[in-house]
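Undergrad: fold the following and give me the result.
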Amino acid sequence: MDKIFILLVLSLSTCASNGYSLKLFSAYIPGEKQFPEFSIVTVLDDIIVGYYNSIVYIPRGNTTNEDDVIESVYINDIIDYMHYSFKRRSYLLTQNNSYEVYQTLVQCELLNTQPGKMIIKDAAGGFTTDELTYINNNFTYFVNASYSQVLLKPHLEEFKENLKKIFYPTCKRTLENYLKTRADQIRSLKKPNVKFVRKANTASGSFQAICLATGFYPRHINLTLFRDGQPVSDHKITGGDLLPNDDGTYQMKKILKISEEEKKENRKYTCTATHLSLDNKLDVKLTDNLDNDHYLFYIIGAVCVVMLLTFAIILGIWRKWRQGGEYDLAEAEEYSSEDEEL
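TA: Below you'll find the model as predicted:
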């Protein structure tokens, strides 16, 4: 059930920019279904650490009950509040539409041991309905659903107070506790290997500036492309998806297309990476030397030269060997004729 649920909410997932995160993926499926009506999956970074099946909370990947990690005083109240919230949202949204699944993502972060932001996203039918962000005692909220403002405002203000006084401190403490008890399951920090290369398009004269960061852990990373020291607008950049590697680390690639006209301007491009494993940001410059196609040309040329030299050396050795062999044979025949005369 927890694996199926993770697939359902992947589109809601967000990441801390630099640090560790604790996420609660919850779902409400009204009616008679093969799944529990209300369920929660708890994820520490990339590790599923717990599952609630509408009846009991079950730790995952650990032999202990982890009573010292999850504060039982608050967990039942939080679960009841989330369940009630789902039912209320279901009632409000079904005034205009009927949805099969309602989902919520709750995420809190620790950035270099300092508390980070808390994010709460709600979705219905696979689409985000509203999102609330809390950081440094400030709230940011947007709604993308046909909620009545008269009904929404009292509940929103109440929720803000609960988040500030209960949800946020509880999530932060739980994350800190998990980082202690699950330390052996969390991978050690891995620094990103960052390359900033260009790929030419000979037909149009343009090229792509490709920034690839790979081999890093944890998965939270920021890649920023700069032109002459100024950040490039996001709408001009493609890529940015986080992908897993076979060894448990991650990779991310961002691409900027540079036209033939921009290419002539000789601007300076830089890819900057920030990651928990790095003491300082990592700046990688786009080389102003030859494009990949030219590199390939010279590599092929060098290989051909080496092959020709190798062939010449082998041919020279063979000729010397053959000449030496013919000389020895003639000399042997001469000695043989002299013996016969004797």
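
Undergrad: count of residues packed around residue 205?
TA: Close neighbours of residue 205, defined as other CB atoms under 10 Å, add up to 12. Backbone N, C-alpha and C define where each C-beta goes, glycine included.

Undergrad: ugh, wrong one, residue 186
TA: For residue 186, using other CB under 10 Å, the count is 16.

Undergrad: quick one, phi psi at it?
TA: phi -80, psi 130 (degrees, to the nearest 10).

Undergrad: relative to residue 180, how far out is it?
TA: 10 Å (CB to CB, to the nearest Å).

Undergrad: show me what contacts the residue most central in space within the chain?
TA: For the chain, the residue sitting closest to the mean C-alpha position, by CA atoms, centre = their mean, is residue 242 at 2.8 Å. Contact analysis of residue 242 by CB atoms under 8 Å, 6 or more residues apart in numbering lists 15, 219, 221, 250, 251, 252.

Undergrad: confirm it sits in a strand?
TA: Yes - secondary structure assignment places residue 242 in a strand (DSSP: H, G, I helix; E, B strand; the rest coil).

Undergrad: check what pLDDT it gets.
TA: Note on residue 242: pLDDT of 91.

Undergrad: next: residue 276.
TA: Confidence score, pLDDT, at residue 276: 78.

Undergrad: my guess is it meets residue 219, correct?
TA: No - counting by CB atoms under 8 Å, residue 219 is not a contact partner of residue 276; they are 9.9 Å apart.

Undergrad: hang on, the earlier thing: nearest to residue 207 among the contacts of residue 242?
TA: residue 252 (20.4 Å; CB to CB).

Undergrad: so that closest one touches residue 222, yeah?
TA: No - Residue 252 is beyond contact range of residue 222, at 9.4 Å (criterion: CB under 8 Å).

Undergrad: neighbour count winner among these two?
TA: residue 252 (21 against 14).

Undergrad: so what strands line up beside the helix or strand encompassing the more buried one?
TA: Residue 252 belongs to strand 250-258 when assigned by DSSP states H and E. Strand 250-258 sits in its sheet next to strand 207-216 (antiparallel), strand 237-244 (antiparallel), going by DSSP bridges.

Undergrad: following that strand, which helix or strand comes up?
TA: Heading C-terminal from strand 250-258 (DSSP H and E), you reach helix 260-264.

Undergrad: please write out the alpha-carbon positions of that following helix in PDB.
TA: Written as PDB, here are the backbone C-alpha positions of helix 260-264 (Å, rounded to 0.1, in the frame of the first residue of the first chain):
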ATOM      1  CA  GLU A 260      24.300  31.900 -33.000                       C
ATOM      2  CA  GLU A 261      23.800  35.700 -32.300                       C
ATOM      3  CA  GLU A 262      24.400  35.200 -28.600                       C
ATOM      4  CA  LYS A 263      27.400  33.000 -29.300                       C
ATOM      5  CA  LYS A 264      29.100  35.900 -31.200                       C
END
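
Undergrad: any idea of the mean pLDDT for the strand or helix carrying residue 161?
TA: Using DSSP H and E, residue 161 maps to helix 149-162. For helix 149-162, mean pLDDT is 73.

Undergrad: residues touching stretch 161-170, excluding its own?
TA: By CB under 8 Å, 6+ apart, stretch 161-170 touches 71, 74, 77, 78, 81, 106, 108, 118, 120, 132, 134, 137.

Undergrad: end to end, how far does that stretch reach?
TA: Terminal residues of stretch 161-170 lie 14 Å apart, using CA to CA, to the nearest Å.

Undergrad: what do you get for stretch 52-66?
TA: The straight-line separation of the ends of stretch 52-66 (CA to CA) is 14 Å.

Undergrad: any buried residues in it, and which?
TA: Under the neighbour-count criterion of 16 or more other CB atoms under 10 Å, stretch 52-66 has 52, 57, 59, 66 buried.

Undergrad: enumerate every residue touching the second one.
TA: If I follow you right, that is residue 57. Taking CB under 8 Å, 6+ apart, we find residue 57 in contact with 40, 50, 51, 70, 75, 79.

Undergrad: tell me the bridge partners for the closest residue to the fifth one other than its chain neighbours.
TA: Right, the one you point to is residue 75. Counting by CB to CB, 6 or more residues apart in numbering, residue 75 lies nearest to residue 57, which is 6.6 Å off, once chain neighbours are set aside. Taking DSSP bridges as the rule, residue 57 bridges to residue 52.

Undergrad: could you measure from residue 57 over to residue 131?
TA: Remark: distance between residue 57 and residue 131 (CB to CB) = 26 Å.
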